[in-house]
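Trainee: Could you look at this predicted model? Sequence included:
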Amino acid sequence: MQPSVFIDGEAGTTGLQIRSRLEARRDITVLSIAPEKRKDESERRRLLNEADVAILCLPDAAARQAAELVTSSKTVILDASSAHRTDPNWVYGFPEMAPGQKDLIRQSKRISNPGCYPTGFIALMRPLVEAGLVPRDFPVTVHAVSGFTGGGRAMIEAFETGGEGYRAYGLAQTHKHAPEMRAYSGLTHAPMFMPSVAHFAQGMLVEVPLPLWSLPGTPSPGAIGEAWQAAYDGAQFISVHVPPDVDHISTVEPEACNGTNRMDLFLFGSGEQARLIARLDNLGKGAAGAAVQNLNLILGADEGASLSA
């Protein structure tokens, strides 16, 4: 019997993206709720407990409520919200984050999908912290720009119809992604996070400037590249680009990974400075693509099924 999947919140941006990636699958059954019953708690409860995997594409409060509705011991919950990302009872669903992370995802009943910005930041920083190149208490700054689809319907409407071109936000340093950035990068303190949104629908750049002269031992850009290459050797969806291979690159286009589950890591710089950039689709590896990758691990399917690199 095929495993069943229910997407609670399939009419939202992430839910629609996940559904579109699963439509051609013949190894799973996707359960759907009738449009008129989307707010019917009893029907949602039935489907959540009937499914082998329930994917929550909901606001944080609604995701917490949905998780409480699941009483079936067989149902695995994959939460795409930020409600459970730093909860120790949930496994963080970033398969490439650490050795053994894929096995934790496969074995868990509660998995929290990473945020888009943290996916890029953790990919850049964790290998450097683990290798001792960046001290755990180092004051890290991260700049990031995303397409407007990650901000929900109100933001999408503002950019599509209001003519807005760019906005910086998260100015009070209370962005909900900061706790998971700290928790999974290995840093003692949350980074100084400066997110922004620009007038393109999908795509994302996450950037960390590193003054190498301020780090113990003044590590070289080459040492950073080696740490990345060791961490992501064999990774299907993470590509590492370091000098001299990047010497011909003068710009990094934020939309180049759109429609894929790929994340590109770039290292620029020489001597005493380095500029680290992660590029990903905020709706791909940053949301729906990551959810499908985790779903594949949960089901024991090909990790890359329904995904492109």
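Mentor: Perfect, thanks for sending it. Numbering: from 1, shown residues only.
Trainee: okay, CA-based contacts and neighbour counts for the rest of this
Mentor: OK.
Trainee: Count the neighbours of the residue nearest to residue 296 when sequence neighbours are not counted for me.
Mentor: Once flanking residues are discounted, residue 296 sits nearest to residue 303: 5.2 Å by CA to CA, 6 or more residues apart in numbering. Neighbours of residue 303 under the rule other CA atoms under 10 Å: 19.
Trainee: Against residue 35, how distant is residue 303?
Mentor: Distance, residue 303 to residue 35, by CA to CA, to the nearest Å: 31 Å.
Trainee: roughly how far apart are the residue nearest to residue 61 when sequence neighbours are not counted and residue 177?
Mentor: Sequence neighbours aside, residue 83 is the residue nearest to residue 61 in space, at 7.2 Å (criterion: CA to CA, 6+ apart). Going from residue 83 to residue 177 by CA to CA gives 11 Å.
Trainee: For the nearest residue to residue 219 once chain neighbours are set aside, give me its contacts.
Mentor: Closest residue to residue 219 apart from its sequence neighbours, by CA to CA, 6+ apart: residue 212 at 6.2 Å. By CA atoms under 8 Å, 6 or more residues apart in numbering, residue 212 lies in contact with 218, 219, 220, 271, 272, 273, 274.
Trainee: on that earlier part again, so the residue nearest to residue 61: helix, strand or coil?
Mentor: Here residue 83 is recorded as coil under DSSP: H, G, I helix; E, B strand; the rest coil.
Trainee: can you give me how far the top helix by length along the chain is from the chain middle?
Mentor: Secondary structure of the chain per DSSP state H: the longest helix is helix 116-130. The chain centroid and the centroid of helix 116-130 are separated by 11 Å under CA atoms, centre = their mean, to the nearest Å.
Trainee: what does stretch 84-98 give?
Mentor: The gap between where stretch 84-98 is centred and where its chain is centred comes out at 11 Å by CA atoms, centre = their mean.
Trainee: Name the residues of it that are buried.
Mentor: Burial within stretch 84-98, assessed by neighbour count using 16 or more other CA atoms under 10 Å, is assigned to 84, 85, 86, 90, 91, 92, 93, 94, 95, 96, 97.
Trainee: With stretch 227-246 instead?
Mentor: For stretch 227-246, by 16+ other CA under 10 Å, it's 227, 228, 229, 231, 232, 237, 238, 239, 240, 241, 242.
Trainee: Would you reformat these as a markdown table and include distance to residue 57?
Mentor: Formatted as a markdown table, the buried residues of stretch 227-246 follow (distance: CA to CA, whole Å):
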| residue | distance to residue 57 |
| --- | --- |
| 227 | 34 |
| 228 | 31 |
| 229 | 33 |
| 231 | 30 |
| 232 | 28 |
| 237 | 23 |
| 238 | 24 |
| 239 | 28 |
| 240 | 30 |
| 241 | 32 |
| 242 | 35 |
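Trainee: That's all I had, so thanks and see you.
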